[in-house]
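K.L.:
turn this into a structure:
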Amino acid sequence: MKNEVKKRLEWVKLYETIGNAGAVCLRCGITRPTLRKWVKRFKEFGIDGLSELSRRPHKIHHRITKEDEQRILELRTNRNLGHRSIANEMKRLYGVSISTATVHKILKKNNKQYLKLKRYYRKRQTRYNRPIPGDRVQMDVCKITPGIYQYTAIDDCSRFKVLQLFPRRTATNTLKFLDTVLEQMPFAIQRIQTDRGKEFFAYCVQDRLMEWGIKFRPIKPDSPHLNGKVERTQRTDLDEFYSTVDIKDPDLPNLLSQWQFYYNWLRSHSSLTGRTPIEVINDLSNKTPLWEEVDGMYDRSRERIRDQNYWIDCQLNK
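P.N.:
Model prediction:
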């Protein structure tokens, strides 16, 4: 008989003799739940019930194959992705759901070192999140290649985003993209935040925003950190989407729509504590105002046409 089994048997026999669980626990140096567990097992299975049971899971949902392991190593080697990004890409590209712990185990087994990231020491910026979806939507334009510009709009709170490709960055295309944003974002928009690009300052664009009751809030020049969420998500697009497709593919807009759906509905975000944007929107649905409420809060007398020149705009604001 093993020593551990012998010891547990002594606890059970002592309890059967004196019938006082508190006294047994005090004498043997164990807790009441521990004593109850072994007494119950002894009654059900006898001496065999005092042996330690295997802790192996009853069901393993997914076993990593050699092919999956090779894919993980290729994602690290060819695209230099981190643990969470590799897990996201395995799910998106191959339909394989794995944890970051499993990714780490495979990389460690194959002697793949941690990523060496450049650290930029600069003044610490205050991080913030708007409290409800639609409170502030950041918008920007990213040049993918000559003749292909990606318009991006991302909600500050939920990270729900809308993407669309255009051959140029113009006010006309901005109006088309705004129509798409209002159609696809599942909540009312209170503010649009952009940089000082001329495609956002056209009178027709600002008039359209006033017509819809949306506040236009451009940031200061040379301050991309103020539009940090849209800047960061565009880098994610370059790293996780455009690196996996052919830019010259005529089906690129449809592929981008599929990526947008994956990003909003399926991709977990570390900034959202592992949730997806649509999950955040659902969690805050009771606090999110409707279009009628947003229109009631919009004060048209306080809004004006803004100038692209920041200093002129400041003077007009006085």
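K.L.:
who's in contact with stretch 55-68?
P.N.:
Around stretch 55-68, the neighbours that count as contacts under C-beta atoms under 8 Å, 6 or more residues apart in numbering are M90, Y94, V96, S97, I98, T102, I106. (Each C-beta comes from the backbone N, C-alpha and C, glycine too.)
K.L.:
okay, now it: how far is its last residue from its first?
P.N.:
One end of stretch 55-68 sits 26 Å from the other (C-alpha to C-alpha, to the nearest Å).
K.L.:
pull out the buried positions in it.
P.N.:
I64, D68 (16 or more other C-beta atoms under 10 Å).
K.L.:
from here on, count from 640
P.N.:
OK, 640 is where the count begins now, so the last one is stretch 694-707.
K.L.:
what's near enough to touch the residue positioned nearest the centre of the chain?
P.N.:
Taking C-alpha atoms, centre = their mean, the centroid of the chain lies closest to H908, which sits 1.4 Å from it. Contact analysis of H908 by C-beta under 8 Å, 6+ apart lists R798, R914, T915, P916.
K.L.:
the third one contacts Y901, correct?
P.N.:
No. Taking contacts as C-beta atoms under 8 Å, T915 lies outside contact range of Y901: 9.6 Å.
K.L.:
quick one on the thing from earlier: please narrow the contacts of stretch 694-707 to those residing in helices.
P.N.:
Using DSSP state H, M729, Y733, T741, I745 are the members of those that sit in helices.
K.L.:
and for K751, the neighbour number?
P.N.:
Per other C-beta atoms under 10 Å, the neighbour tally for K751 reads 15.
K.L.:
quick one: the strands in the stretch 840-957 of the chain?
P.N.:
For the stretch 840-957 of the chain, the strands defined by DSSP state E, counting those that start in this stretch occupy 854-855.
K.L.:
tell me where it is predicted with low confidence.
P.N.:
The stretch 840-957 of the chain contains residues with pLDDT under 70 at 957.
K.L.:
break down it into its helices, ranges please.
P.N.:
Ranges of helices within the stretch 840-957 of the chain are 842-851, 867-879, 891-904, 916-922, 930-936, 949-956, based on DSSP state H, counting those that start in this stretch.
K.L.:
the second one to helix 891-904, inter-axis angle?
P.N.:
Our comparison of helix 867-879 with helix 891-904, counting by axes from the mean of the first three to the mean of the last three C-alpha atoms, to 10 degrees, yields an angle of 120 degrees.
K.L.:
hmm, who's touching helix 867-879?
P.N.:
718, 720, 724, 727-728, 731, 764, 777-779, 781, 783, 789, 791-793, 795, 798, 800, 802, 863-864, 898, 902.
K.L.:
can you redo the ones in helices among the contacts of stretch 694-707 as a markdown table with pLDDT, neighbour count and distance to R807?
P.N.:
Shown next, in a markdown table, are the ones in helices among the contacts of stretch 694-707 (pLDDT from 0 to 100; neighbours: other C-beta atoms under 10 Å; distance: C-beta to C-beta, whole Å):
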| residue | pLDDT | neighbour count | distance to R807 |
| --- | --- | --- | --- |
| M729 | 91 | 20 | 36 |
| Y733 | 90 | 13 | 36 |
| T741 | 91 | 19 | 45 |
| I745 | 92 | 20 | 44 |
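K.L.:
contacting residues for the closest residue to S736 other than its chain neighbours?
P.N.:
Excluding its sequence neighbours, the residue lying closest to S736 (C-beta to C-beta, 6 or more residues apart in numbering) is K730, at 5.4 Å. Contacts for K730 (C-beta under 8 Å, 6+ apart) come out as S736, I737, L905.
K.L.:
separation between K730 and T716?
P.N.:
19 Å (C-beta to C-beta, to the nearest Å).
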